[in-house]
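Trainee: All I have is the shape, not the residue letters:
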């Protein structure tokens, strides 16, 4: 479908270098996916805070596949130089091996980083609650741990909805001091309190912040108006709050993609090939912005070729 590539492949290519073998196609696909992963990593930044989402599903070959939205999780994080100490959120379903308080994955991460708060996927919670209500055995205390409720409740003080209706300086300061103490020094916590007073005045008077209904849009406006530099502590706290994941729907979408690629007719696709295909499909906006020249350059750099791909 690419005119420039069509000129040099298939019948227009030398017979000893048509580059249409499975091995070559997988090499090119791997180069593409590596570049997409690097762009995702670059978006996080050198010392950026992040949240991980993990879920599993059976593919059409009855093999368990794991989706990690950013197999050995620490190995994946280490490969992309993502430190566990910078993790600020975890999102899984209710499986005991993932969410267990004593030996689950969330607890293992909490041992290394106490600020990697675990949120049980709200979609799964709703399903559990509805099932429980139907059986009249619902237990809200176990469905919604107190710490989770408090974290989300305090975070709502940053919500710009209804002209910052829930804005509360004490709640925001408590949020930073109790849940993100590692990210703020004592001096910064005092400075945060002062910033919040001036911040609210600007939010009420600057037109760009009128009728905002999400924290994400609020963050975008702060960056656009360069007020993120003025209120850098609030900007930092908003970034941290945005790592809280209330749903693992992103991983569910990954599995929907998986079933399009690895179906009954193509159920022997190897894991690495499957992962590369899924990544390029899910992150196609990033993939579309990668220029062909950089792919060709990396392809030629892998090893000496009979004929250079041009």
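Mentor: Yep, that arrived. Because the structure is predicted, anything quoted here is derived from the model rather than measured.

Trainee: going forward, measure contacts between C-alpha atoms and count neighbours the same way
Mentor: Will do.

Trainee: Spatially nearest residue to residue 168, not counting backbone neighbours?
Mentor: Take residue 168 and drop its neighbours on the chain: the residue closest to it by C-alpha to C-alpha, 6 or more residues apart in numbering is residue 157, 5.5 Å away.

Trainee: where exactly do the helices run in the stretch 51-200 of the chain?
Mentor: With DSSP state H, counting those that start in this stretch as the criterion, the stretch 51-200 of the chain has helices at 73-79, 96-99, 105-112, 122-135, 140-143, 146-155, 161-164, 169-179, 186-205.

Trainee: now for whichever helix or strand comes after the last one, which elements pack on it?
Mentor: By that I understand helix 186-205. Moving toward the C-terminus from helix 186-205, the next helix or strand (DSSP states H and E) is helix 215-224. Here helix 215-224 touches helix 227-230, helix 232-241, going by 3 or more C-alpha pairs under 8 Å, 6 or more residues apart in numbering; DSSP states H and E.

Trainee: show me where pLDDT drops low in the stretch 201-310 of the chain?
Mentor: For the stretch 201-310 of the chain, the stretches flagged by pLDDT under 70 are 245-253, 306-310.

Trainee: and if we set it to 90?
Mentor: Residues of the stretch 201-310 of the chain meeting the criterion pLDDT under 90: 211, 213-216, 240-310.

Trainee: before we move on, what about the stretch 1-150 of the chain?
Mentor: Applying pLDDT under 90 to the stretch 1-150 of the chain flags the ranges 1-28, 37, 39-150.

Trainee: could you redo the last one with a cut-off of 70?
Mentor: Those would be 55-62, 64-75, 93-104, 120-145, if you go by pLDDT under 70 across the stretch 1-150 of the chain.

Trainee: Domains of the chain: list them as residue ranges, please.
Mentor: Following automatic domain parsing, one gets these domains for the chain: 47-121+245-302, 141-243.

Trainee: Mean neighbour count added to these, as a markdown table?
Mentor: Formatted as a markdown table, those follow (neighbours: other C-alpha atoms under 10 Å):
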| stretch | mean neighbour count |
| --- | --- |
| domain 47-121+245-302 | 16 |
| domain 141-243 | 16 |
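
Trainee: okay if I get the ones you listed as CSV plus distance to residue 26?
Mentor: Formatted as CSV, those follow (distance: least, C-alpha to C-alpha, whole Å):
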stretch, distance to residue 26
domain 47-121+245-302, 7
domain 141-243, 34
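
Trainee: and the longest helix anywhere in the chain, what does it pack onto?
Mentor: Scanning the chain for the longest helix, with DSSP state H as the assignment, gives helix 22-44. With contacts defined as 3+ C-alpha pairs under 8 Å, 6+ apart, the packing partners of helix 22-44 are helix 271-282, helix 284-288, helix 292-302.

Trainee: which residues are in contact with the second one?
Mentor: Counting by C-alpha atoms under 8 Å, 6 or more residues apart in numbering, the neighbours of helix 284-288 from elsewhere in the structure are 32-33, 36, 39, 280.

Trainee: Looking at those residues, which is nearest residue 212?
Mentor: Closest to residue 212 out of these is residue 39 (28.6 Å), distances taken as C-alpha to C-alpha.

Trainee: show me the contacts for that closest one.
Mentor: With C-alpha under 8 Å, 6+ apart, residue 39 has these contacts: residue 286.

Trainee: roughly how far apart are it and residue 33?
Mentor: 10 Å (C-alpha to C-alpha, to the nearest Å).

Trainee: same check, this time on residue 185
Mentor: Counting by C-alpha to C-alpha - residue 185 and residue 33 are separated by 39 Å.

Trainee: repeat for residue 284
Mentor: 10 Å.
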